[in-house]
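Visitor: Provided below for reference: sequence and predicted model.
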Amino acid sequence: MRKFKTESKRLLDLMINSIYTNKEIFLRELISNASDALDKVYLESLKAGDGSVVRSELYINVSCDKDARTITISDNGIGMDEEALEANLGTIAHSGSLEFKEGEDAKESDEIDIIGQFGVGFYSAFMVADHVKVVTKPYGSDTAYTWESEGLEGYSIGQGEREGRGTTITLTLREDSDEFNYSQFLNTYALQDLVKRYSDYVRYPIMMKFTTSFPVERPEDAPEDWKQEYREEDEVRTVNSMVPIWTKKKADVSDEEYNEFYKATFHDDTDPAAVISIHAEGTISYDALLFIPAVAPREMLSRSFKKGLTLYSSNVMIMDKCEELLPDYFGFVRGIVDSPDLSLNISREMLQQSKELSTIQRRIEKKIKAELARMLEDDREKYEEIYKYYGPNFKFSIYSTYGGTSSILSDLLMFPSAMEGKMVTLGEYCAAAQEEQDKIYFATGDTVERLNSTPTVKGVVDKGFDVLLCTHDVDEFCLMSMGVFDGKQLVNVGTAELDLETEEEKAAHEKVSEENAELFADMAASLGDKVTKVVASTMPMDSASCITAGGMVSLAMEKYFKSLPQHDDEVPSAEHVLELNMGHPVIKALQKAYEDGDTDTVAAYTLILHDQALMAEGFQIEDLEAFNEAVYKLMV
Ligand code: ADP
């Protein structure tokens with residue numbers, strides 16, 4: 001007996017103890033694996049050029065045996081050798097990004113989430129079966145192998161018997177319980193329904209044997225007490241329609257069919273947020289069917305995530321994930337592209353240079369963009385929902401291309417607006433802006449609430465200008481790399497000279513600054529390199545002081561750099577400016593102490609005004625002891 005790898009074991013445990021109501025999906029998962037195996041063997045034999053695999057002879061068979069309580073799914077696909085059995089069925093294929101919640105926190109909803117997010121593939125068999133046996137003979141080999149498991153304890157691998165190439169999976173169903181009636185699946189018609197519902201589009205025949213009984217004609221010499229007799233006839237029928245859904249026009253496919261196809265193919269439990277169907281004819285013909293997931297694929301967050309669309313040529317899958325078809329910023333899109341104009345034997349290297357492919361890519365990109373823009377326009381709520389997942393992708397792309405992708409992506413961006421109290425696009429910001437306004441103002445910080453209450457944001461809003469409140473690390477980098485939108489300069493209110501005062505305000509400010517020049521210089525000197533200067537603030541604020549950034553690096557950026565796990569002391573830090581609220585009673589008291597020549601008190605005030613302002617911005621005080629001492633000094 002071999003043991004399952006830890007992650008597999010946990011997933012198996014979930015399957016075995018599953019409360020998941022949708023247990024019937026086991027069939028679609030196993031059929032989908034069989035279909036993949038047929039794709040693979042066909043492609044392999046094409047590559048080998050041995051003509052050993054005839055496409056029209058590829059099939060999947062589904063049957064059940066009521067008495068033995070078994071369901072059998074078999075295919076004449078690629079099969080598995082001992083090593084593949086161990087690697088594929090002993091370990092969970094989608095590992096890496098799998099994180100299981102454990103202990104008290106684990107909720108039923110997490111289970112459903114996991115089953116939905118990953119589509120659990122082969123292991124879903126254990127939702128309905130307590131014994132699973134796999135007999136498989138790999139392509140190009142004469143030896144068959146078996147894999148058997150009764151669940152958590154482990155599995156065993158051995159040699160077996162199988163007539164031809166392919167894989168047969170036999171599930172022995174569990175006994176019925178109060179919770180679930182497993183026997184419902186031991187019925188050919190019930191299985192046929194499931195196949196039609198979940199696997200209709202599979203491009204290989206899914207065959208089932210139906211037994212029909214016919215009444216036997218009464219023989220002429222039948223005795224008086226002849227009873228009606230029946231004869232049974234077996235008929236093997238293909239139960240799926242086999243028409244690839246992506247070749248159909250959108251009008252001919254129901255939403256439900258698309259949703260079922262999406263969920264089955266991409267192992268997602270949630271209906272997609274949007275379906276894009278493309279049928280192109282011309283120099284290059286192709287059909288494409290794309291889906292925007294409503295919830296970001298969980299793997300998307302992991303390093304091992306690979307974007308890409310499945311590539312078919314005339315119905316033959318030639319590549320599972322063709323990266324070249326999707327730009328990174330739309331990497332979350334899932335789907336299929338099928339073009340008769342692509343060579344079956346195309347290699348990755350050839351693909352990269354393929355003109356056809358880049359034509360398809362450009363068209364796909366445009367379609368995705370148009371669909372997102374349409375959703376933004378027509379179904380704002382849905383867009384905001386998916387934007388939570390994909391917005392960072394767009395922003396990161398703009399930043400990492402130094403604004404290169406902003407012509408495509410900037411219309412898709414949204415930020416919380418200080419004035420509107422909701423998300424707005426840059427276009428909406430501009431439309432609502434004052435006529436002469438030539439800037440788009442944004443502020444960066446930890447939370448919308450905190451930003452809304454900063455003096456700078458309040459000050460700008462007071463002047464009648466909206467401010468975009470940016471709370472993601474990447475926001476600032478993204479907007480800075482864009483520079484302008486629609487002819488308006490993007491301005492960080494935390495770092496730029498805003499120049500929003502009227503002439504009188506400017507004059508008054510200059511006067512106060514002059515009158516207090518000495519005080520400010522002395523305060524700056526006593527703070528040393530903590531600040532670059534001390535100034536009278538032009539922003540309305542309730543607090544006595546605040547810190548703003550004087551140079552290009554904002555406070556948020558400084559915080560971001562400092563939060564990086566491997567930052568050294570050389571990370572750029574903001575030039576801190578201590579701004580004082582000259583109308584505040586504390587500043588009045590400070591001015592009085594300064595006039596009285598009470599240097600100790602002035603120093604204590606200065607330190608506290610600085611440290612408090614720093615804390616308000618979410619930074620830590622460097623010297624807590626000095627801070628406490630200053631407070632005590634003023635308390636006695
Ligand atoms: P996934 O299909 O998402 O990779 P599964 O857990 O369903 O994950 O299957 C794991 C692997 O086992 C597959 O990737 C495939 O390599 C192999 N496999 C499963 N079923 C078959 C089959 N019927 N024929 C050949 N290989 C199979």
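Guide: That came through fine. Numbers count the residues shown, from 1 in each chain.

Visitor: can you list the weak-confidence ranges in this structure?
Guide: For the chain, the stretches with pLDDT under 70 are 18-21, 92-120, 315-316, 343-352, 566-569.

Visitor: closest point of the stretch 101-250 of the chain to the ligand, which residue?
Guide: Of all residues in the stretch 101-250 of the chain, residue 121 sits closest to the ligand, at 2.2 Å by CB to the nearest ligand atom. From N, CA and C alone the C-beta is placed, and that goes for glycine too.

Visitor: Regarding the nearest residue to that residue once chain neighbours are set aside, what is its secondary structure?
Guide: Spatial nearest neighbour of residue 121, chain neighbours left out: residue 29 (5.4 Å); criterion: CB to CB, 6 or more residues apart in numbering. Classification of residue 29 by DSSP: H, G, I helix; E, B strand; the rest coil places it in helix.

Visitor: For residue 29, grab the count of nearby residues.
Guide: Neighbour count for residue 29, taken as other CB atoms under 10 Å: 22.

Visitor: tell me which residues in stretch 497-514 are buried?
Guide: 498, 500, 509, 512 (16 or more other CB atoms under 10 Å).

Visitor: What residues of stretch 301-318 count as buried?
Guide: For stretch 301-318, by 16+ other CB under 10 Å, it's 307, 308, 309, 310, 311, 312, 313, 316, 317, 318.

Visitor: now stretch 41-59
Guide: Residues 41, 42, 43, 44, 45, 46, 53, 58, 59 are the ones in stretch 41-59 that count as buried (16+ other CB under 10 Å).

Visitor: now stretch 157-168
Guide: In stretch 157-168, counting by 16+ other CB under 10 Å, buried: 157, 160, 162, 165, 166, 167, 168.

Visitor: The closest residue to the ligand within the stretch 251-400 of the chain and residue 26: what is the separation?
Guide: Residue of the stretch 251-400 of the chain nearest the ligand, by CB to the nearest ligand atom: residue 267 (6.5 Å). Per CB to CB, to the nearest Å, residue 267 is found 13 Å from residue 26.

Visitor: Need the max-distance pair from the buried residues of stretch 41-59.
Guide: Greatest spacing in the buried residues of stretch 41-59, by CB to CB: 46 and 59 (18.1 Å).

Visitor: quick one: residue 579 is in a strand?
Guide: Yes: checked against three-state DSSP, residue 579 lies within a strand.

Visitor: Excluding chain neighbours, what is closest to it?
Guide: Using CB to CB, 6+ apart, the closest residue to residue 579 is residue 537 (3.7 Å).

Visitor: again, but for residue 138
Guide: residue 79 (3.9 Å).

Visitor: OK, contacts around that neighbour?
Guide: 37, 41, 136, 137, 138, 139, 141, 165, 166, 167 (CB atoms under 8 Å, 6 or more residues apart in numbering).

Visitor: For it, give me phi and psi.
Guide: phi 70, psi 180 (degrees, to the nearest 10).

Visitor: now it: how far from residue 202?
Guide: Residue 79 is 18 Å from residue 202, by CB to CB.

Visitor: and what of residue 340?
Guide: Counting by CB to CB, the gap from residue 340 to residue 202 is 20 Å.

Visitor: neighbour count winner among those two?
Guide: Neighbours per residue (other CB under 10 Å) separate residue 340 from residue 202, with residue 202 holding more: 23 against 12.

Visitor: Could I get the contacting residues of that one?
Guide: 31, 32, 35, 60, 240, 242.

Visitor: please redo it, this time with the cut-off set to 7 Å
Guide: Contacts for residue 202 (CB atoms under 7 Å, 6 or more residues apart in numbering) come out as 31, 35, 240, 242.

Visitor: swap in residue 216?
Guide: Contacts of residue 216 (CB under 7 Å, 6+ apart): 229, 230, 231.

Visitor: burial measure for the second one, as a count.
Guide: Translated: residue 230. Look at residue 230: counted by other CB under 10 Å, it has 10 neighbours.

Visitor: Now it. Nearest residue, chain neighbours left out?
Guide: Per CB to CB, 6+ apart, closest to residue 230 is residue 213, 4.3 Å.

Visitor: The one you found - that's part of a strand, no?
Guide: Yes: the assignment for residue 213 is a strand, going by three-state DSSP.

Visitor: and residue 357, how many neighbours?
Guide: Counted with other CB under 10 Å, residue 357 comes out at 23.

Visitor: ok, now residue 575?
Guide: Based on other CB under 10 Å, the number of other residues close to residue 575 is 15.

Visitor: Quick one: name the residues of the stretch 1-150 of the chain near the ligand.
Guide: 33-34, 37, 75, 77-80, 88-89, 93-94, 121-122 (CB under 6 Å from any ligand atom).

Visitor: and if we set it to 5 Å?
Guide: 33, 34, 37, 77, 88, 93, 121, 122 (CB under 5 Å from any ligand atom).

Visitor: ditto for the chain
Guide: So the chain meets the ligand at 33, 34, 37, 77, 88, 93, 121, 122, 167 (CB under 5 Å from any ligand atom).

Visitor: go with 6 Å
Guide: 33-34, 37, 75, 77-80, 88-89, 93-94, 121-122, 167.

Visitor: Which one of those is nearest to residue 407?
Guide: residue 94 (35.7 Å).

Visitor: where do the strands sit along the stretch 401-550 of the chain?
Guide: Taking DSSP state E, counting those that start in this stretch to define them, one finds strands in the stretch 401-550 of the chain at 414-416, 423-425, 439-444, 467-470, 484-485, 488-492, 533-536, 545-549.

Visitor: need these in a markdown table with mean neighbour count, can you?
Guide: Formatted as a markdown table, the strands of the stretch 401-550 of the chain follow (neighbours: other CB atoms under 10 Å):
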| stretch | mean neighbour count |
| --- | --- |
| strand 414-416 | 21 |
| strand 423-425 | 20 |
| strand 439-444 | 25 |
| strand 467-470 | 26 |
| strand 484-485 | 16 |
| strand 488-492 | 19 |
| strand 533-536 | 20 |
| strand 545-549 | 24 |
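
Visitor: and of the ones you listed, who's closest to residue 608?
Guide: Once the strands of the stretch 401-550 of the chain are compared by CB to CB, strand 545-549 is nearest, at 8.9 Å.

Visitor: which neighbours does the closest one have in its sheet, and in what orientation?
Guide: Within its sheet, and counting by DSSP bridges, strand 545-549 is paired with strand 576-580 (antiparallel).

Visitor: what's the first-to-last distance across stretch 62-70?
Guide: Taking CA to CA, to the nearest Å, the first and last residues of stretch 62-70 lie 11 Å apart.

Visitor: got a list of contacts for it?
Guide: Residues external to stretch 62-70 that are found in contact with it (CB under 7 Å, 6+ apart): 71-73, 170-173, 186-188, 191, 195, 206, 208-209.

Visitor: coming back round to it: my guess is the residue of the stretch 101-250 of the chain closest to the ligand contacts residue 31, does it?
Guide: No: using CB atoms under 7 Å as the test, residue 121 is too far from residue 31 to be in contact (11.5 Å).

Visitor: With neighbour numbers in mind, choose between those two.
Guide: residue 31 (23 against 19).

Visitor: Any idea how many residues pack against the nearest residue to that one once chain neighbours are set aside?
Guide: Nearest non-adjacent residue to residue 31, counting by CB to CB, 6+ apart: residue 199, 4.7 Å away. Neighbourhood size, residue 199 [other CB under 10 Å]: 26.

Visitor: One more: residue 592?
Guide: 12.

Visitor: does it sit in a helix or strand, and which one?
Guide: Following DSSP states H and E, one finds residue 592 within helix 585-595.

Visitor: so that helix versus strand 545-549, what angle?
Guide: Going by axes from the mean of the first three to the mean of the last three CA atoms, to 10 degrees, helix 585-595 is angled at 90 degrees with respect to strand 545-549.

Visitor: what sits up against stretch 592-602?
Guide: By CB under 7 Å, 6+ apart, the list of residues contacting stretch 592-602 from outside reads 519, 590, 605, 633.
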